[in-house]
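*Asks:* Prediction below, plus the sequence it came from.
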Amino acid sequence: MATNLQKHLSRTGGPNLNFYNRTKSRGQPLKDLGGVYNSLDELATNSDVIFMSLSDENAVKSVVDTLLETNGAACDFNRKIIVDTSTIRPDSSAKMQLRLKETGAEYVTAPVIGTIPLATNGQLLWVLAGADAAIETINPYIVGVMGRGVIRLGTD
């Protein structure tokens, strides 16, 4: 799903893509779309908005742990936006939101509804919960680009 979203974002003239995948071989199809980073700390340092699309809440926790533990002193998370398209439990999202908020980052929960062909064509339906300012920042990358619409569920 994530690969299809990233390819569509690139085709629609979106900003240069910074990319990291825990499994290096899965990132190869995206190599020509932008900067492929070898670590999460490189990605975080060079990105203002980070979209995550992970398999489950253990993967989300692992990535957030790595981001914060590796980058705590090296990367200023203030005003960074972490957008999580993974499908995880609400209590897990709430924990991630609190952890990232402590660093000055905003966390937007953003599960998507749709199939791989819809992702390929930028037609997913996005369900967003997070701070209004963060959602205003990411909307230009979603509405009419990676998705056909947004359902807002509040700020947390």
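*Replies:* Looks like it came in fine.

*Asks:* quick one, helices of this structure?
*Replies:* Per DSSP state H, the chain carries helices over the ranges 2-11, 40-45, 57-71, 90-101, 116-120, 132-142.

*Asks:* how big is the angle separating the fourth one from helix 57-71?
*Replies:* Relative orientation of helix 90-101 with respect to helix 57-71: 10 degrees, computed using axes from the mean of the first three to the mean of the last three Cα atoms, to 10 degrees.

*Asks:* buried set for helix 90-101?
*Replies:* Using 16 or more other Cβ atoms under 10 Å as the burial criterion, the residues of helix 90-101 that qualify are 92-93, 95-97, 99-100. (Glycine included, C-beta is placed from N, CA and C.)

*Asks:* follow-up on the earlier one: of the helices of the chain, which approaches K24 most closely?
*Replies:* Counting by Cβ to Cβ, K24 lies closest to helix 40-45 out of the helices of the chain; the figure is 12.9 Å.

*Asks:* buried residues in the closest one?
*Replies:* Going by neighbour count (16+ other Cβ under 10 Å), the buried part of helix 40-45 is 40-44.

*Asks:* just stretch 76-90 next, same as before
*Replies:* For stretch 76-90, the neighbour count (16+ other Cβ under 10 Å) marks 77, 80-88 as buried.
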